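> structure, please.
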Amino acid sequence: MKIQNIETFHAAIPLHTPFKTALRTVTVAETIVVKITCDNGVTGWGEAPPTHVITGDSLASIRYAVSEIFKPLLLEKSLFNHEQIVEKINKSLVGNTSAKAAVDMAIYDCMAKHANLPLAQYLGGYTEQIETDYTVSVNSPEEMADDAQKYANDGFSVLKVKVGKDEINQDIRRIEAIRKRIGSKATIRLDANQGWQAKEAVRAIRKMEDLGLDIELIEQPVKAYDFEGLQYVTANTETPIMADESVFSSRDARRILEMRAADLINIKLMKAGGIHEALKIAKLAHIYGVNCMVGSMIETKIGITAAAHFAASQPNVNRYDFDAPLMLADDLIDGGVTYKQNAIDLGAEPGLGIERINEQFIAEWPVGY
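Now for the predicted structure:
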């Protein structure tokens, strides 16, 4: 089964509500869709959204990496030599993890289809039960409390609350307002997106503990490069701390695990460069007895379907952050995962189960791309 063609498409879908974090505000989900066609007619799908503030990838860099670097390397290569393909991709370009992820997930889609298995089963098939959280964007305390109440009423039992955008005491007021509004109706986890300093994070987390705000975990409280600061926060608080932007690769994960710098790890395909490296991170964390969450950027159902299948295949992945497609005004594809409130159905179709792209969302390439 050899790669016959690799195509890229630019897609754009508006969000029904702006997505706000400490790092950015998103109103339109833009992405590069990758389609791999094999000589036996099997096709695989992947995607890569530009997330400049996290991965450094842009629309232009993703398209260039896939079309001008990966495609010439991979045409006529057999997918049965998968490790060789991964080696070629990684040697050809430093970084550019989102571009690598798009090609990687399309390859896995092809391989699972060839095996006539859903991707989750192809990867190991640990569970079929996945329930996503829903993200509360950072806004005023009152607005965030309103949003949290709505999402809890809609059936989401876990809320991921964004903080870290401004003064840390304002973050505490945000959480107080949310907890007061929803009571014990939903689990609350926080994501500071690198927005705090280590010592202020410890003070704030201890205060939230003393106030009985019952926070499940706090994700990436400090800068991605500040492993020592992350270790300090983890050692000096009772609330579990999750590493996100600090972990792109299995090498990063090993350092975090050896330092005991975090209690949990958030794996994202766009950071890891795809499923191949994500599997290494999950396996390594499992050896250390550390559980993982699998999350995403603002992606369409292509990327989320791949991430959900990967997550369902691993025994130490027990948290899921797959709400991005629910934020979009429409679906880019037919097929893939389906949602019933917070429950996700992986489907029984081979591979990712993607039927087709809805072409009304394929956008023109911007001038200069």
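> Gly295 is in contact with Lys268, correct?
Yes. When contacts are counted by C-beta atoms under 8 Å, Lys268 is listed as touching Gly295 (5.1 Å). The way it works is simple: take the backbone N, C-alpha and C, and place the C-beta from them, glycine included.
> what do those two both touch?
244, 307 (C-beta atoms under 8 Å, 6 or more residues apart in numbering).
> so what's Gly335 bridging to?
Ile354 (DSSP bridges).
> phi first, then psi, for Asp166.
phi -140, psi -150 (degrees, to the nearest 10).
> distance-wise, check it relative to Leu269.
30 Å (C-beta to C-beta, to the nearest Å).
> of these two, who's got more company?
When neighbours are counted by other C-beta atoms under 10 Å, Asp166 and Leu269 differ, and Leu269 comes out ahead with 32 against 12.
> give me the pLDDT for the closest residue to that one other than its chain neighbours.
Nearest residue to Leu269 in three dimensions, chain neighbours excluded: Ala101, at 4.6 Å (C-beta to C-beta, 6 or more residues apart in numbering). Looking at Ala101, its pLDDT reads 98.
> is it true that Ala101 touches Ser296?
No. The pair Ala101 / Ser296 is not scored as a contact, 10.6 Å apart, by C-beta under 8 Å.
> quick one: which of the two has more around it?
Using other C-beta under 10 Å as the criterion, Ala101 and Ser296 rank with Ala101 on top: 34 against 23.
> if we can go back for a sec, who touches both of Ala101 and Ser296?
With C-beta under 8 Å, 6+ apart as the test, Ala101 and Ser296 both reach 269-270, 303.
> return the member of the residues you listed nearest to Gln170.
Closest approach to Gln170 among these (C-beta to C-beta): Met270, at 29.2 Å.
> element containing the closest one?
helix 269-272 (DSSP states H and E).
> ok, Thr27 - how many residues close by?
12.
> what residues does the closest residue to it other than its chain neighbours make contact with?
Nearest residue to Thr27 in three dimensions, chain neighbours excluded: Pro18, at 5.1 Å (C-beta to C-beta, 6+ apart). By C-beta under 8 Å, 6+ apart, the contact set of Pro18 is 25-27, 137.
> which residues does the residue nearest the centre of the chain contact?
In the chain, the centroid-proximal residue (C-alpha atoms, centre = their mean) is Ser296; its distance is 1.6 Å. Applying C-beta under 8 Å, 6+ apart to Ser296 gives the contacts 268-270, 303-304, 307, 321-322, 324.
> what pLDDT does it get?
Reported pLDDT for Ser296: 96.
> swap in Pro366?
Reported pLDDT for Pro366: 61.
> do Gly351 as well
Gly351 is given a pLDDT of 98.
> do the same with Asn358
89.
> can you get me a residue count around it?
Residues near Asn358, counting by other C-beta under 10 Å: 14.
> other residues contacting the helix or strand hosting Ile178?
Assigning secondary structure by DSSP H and E places Ile178 in helix 168-182. Helix 168-182 has contacts (C-beta under 8 Å, 6+ apart) with 136, 138, 140-142, 144-146, 148-149, 152, 159, 161, 163-164, 188, 190, 192, 196, 200-201, 203-204, 207-208, 211, 213-215.
> which other helices and strands does the helix holding Met270 contact?
The elements that helix 269-272 packs onto, with contact taken as 3 or more C-beta pairs under 8 Å, 6 or more residues apart in numbering; DSSP states H and E, are helix 97-114, helix 275-287, helix 301-312.
> buried residues, the second one. List them.
Residues of helix 275-287 classed as buried by neighbour count (16 or more other C-beta atoms under 10 Å): 275-282, 284-285.
> please apply the same query to the shortest one.
Buried residues in helix 301-312, counting neighbours by 16+ other C-beta under 10 Å, are found at 301-312.
> which single one of those is nearest to Gln231?
Nearest to Gln231 among the buried residues of helix 301-312, with distances taken as C-beta to C-beta, is Ala311, at 26.2 Å.
> the closest one contacts Ile130, correct?
Yes. Using C-beta under 8 Å, Ala311 is in contact with Ile130, at 6.5 Å.
> shared neighbours of those two, anything?
Joint contacts of Ala311 and Ile130 (C-beta under 8 Å, 6+ apart) are 320, 322.
> gap between the residue lying closest to His286 once chain neighbours are set aside and His276?
Spatially, and ignoring its direct neighbours in sequence, His286 is nearest to Asn316 (4.3 Å; C-beta to C-beta, 6+ apart). For Asn316, the distance to His276 equals 18 Å [C-beta to C-beta].
> same check on Val136?
33 Å.
> and what of Lys223?
27 Å.
> show me what counts as buried in the helix holding Met270.
In helix 269-272, counting by 16+ other C-beta under 10 Å, buried: 269-272.
> got it, and stretch 233-244?
In stretch 233-244, counting by 16+ other C-beta under 10 Å, buried: 233-234, 237, 239-244.
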